[in-house]
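Novice: How does the following fold in three dimensions:
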Amino acid sequence: LIEGSWVHYREGWYYLFYSGDNCCGPDARYAVLAARARQPAGPYETLATATGTEGTILTENARWQAPGHNCLVTDAAGQDWLLYHAIDRQQPTYDAINTEQGNSRRVMLLDKVTYDAAGWPQVGTPTTTPQPAPIVSTR
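Specialist: Predicted coordinates for the structure are as follows:
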């Protein structure tokens, strides 16, 4: 499964952020991946192809499962942020009594995006503590 794509232009590159793998249920393994190109229509090179790694920029941790279906926003200070949803392992369903729903409760999260020396975006895993907020414009 590949879905939830978002294209963001930054410093001469069109970055394609997308979600992939198993999105739903107790065994969800959803994550955010990235590719980039010099032109909006491509061709796009994936992070996995460029680096020989798994290619994910955001994966699960002990608290948050299956992060994905993202978009990228830039704040007034020029900092990029990844806005996405994930399953809270502490309350994975809407109704704690009816567990037949599977892991279906998704919470919206926001994390800072950094870029490595080669210009590839990085997030890591969802933060589990309060973080500085984006700087918003009042105009």
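Novice: got the buried residues for the strand ranked longest in the chain?
Specialist: What stands out as the longest strand in the chain, according to DSSP state E, is strand 64-74. For strand 64-74, burial by neighbour count (16 or more other C-beta atoms under 10 Å) applies to Trp64, Gln65, Ala66, Pro67, Gly68, His69, Asn70, Leu72. Every residue, glycine included, has its C-beta placed from N, CA and C.
Novice: Reformat those as a markdown table; add distance to Gln79 and pLDDT.
Specialist: Below are these laid out as a markdown table (distance: C-beta to C-beta, whole Å; pLDDT from 0 to 100):
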| residue | distance to Gln79 | pLDDT |
| --- | --- | --- |
| Trp64 | 21 | 92 |
| Gln65 | 26 | 91 |
| Ala66 | 25 | 90 |
| Pro67 | 19 | 93 |
| Gly68 | 21 | 92 |
| His69 | 21 | 92 |
| Asn70 | 16 | 94 |
| Leu72 | 11 | 94 |
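Novice: Now compare these and name the two farthest from each other.
Specialist: Gln65 and Leu72 (21.3 Å; C-beta to C-beta).
Novice: before we move on, the earlier item: for the helix or strand just after the longest strand of the chain, list the C-alpha coordinates in PDB.
Specialist: As assigned by DSSP states H and E, the chain's next helix or strand after strand 64-74 is strand 80-88. Extracted C-alpha coordinates of strand 80-88, given in PDB (Å, rounded to 0.1, in the frame of the first residue of the first chain):
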ATOM      1  CA  ASP A  80       9.600  22.500   8.000                       C
ATOM      2  CA  TRP A  81       7.100  20.400  10.000                       C
ATOM      3  CA  LEU A  82       5.600  17.000   9.300                       C
ATOM      4  CA  LEU A  83       1.900  16.800  10.200                       C
ATOM      5  CA  TYR A  84       0.600  13.200  10.300                       C
ATOM      6  CA  HIS A  85      -1.500  10.700  12.200                       C
ATOM      7  CA  ALA A  86      -0.600   7.700  14.300                       C
ATOM      8  CA  ILE A  87      -2.200   5.100  16.600                       C
ATOM      9  CA  ASP A  88      -1.700   5.700  20.300                       C
END
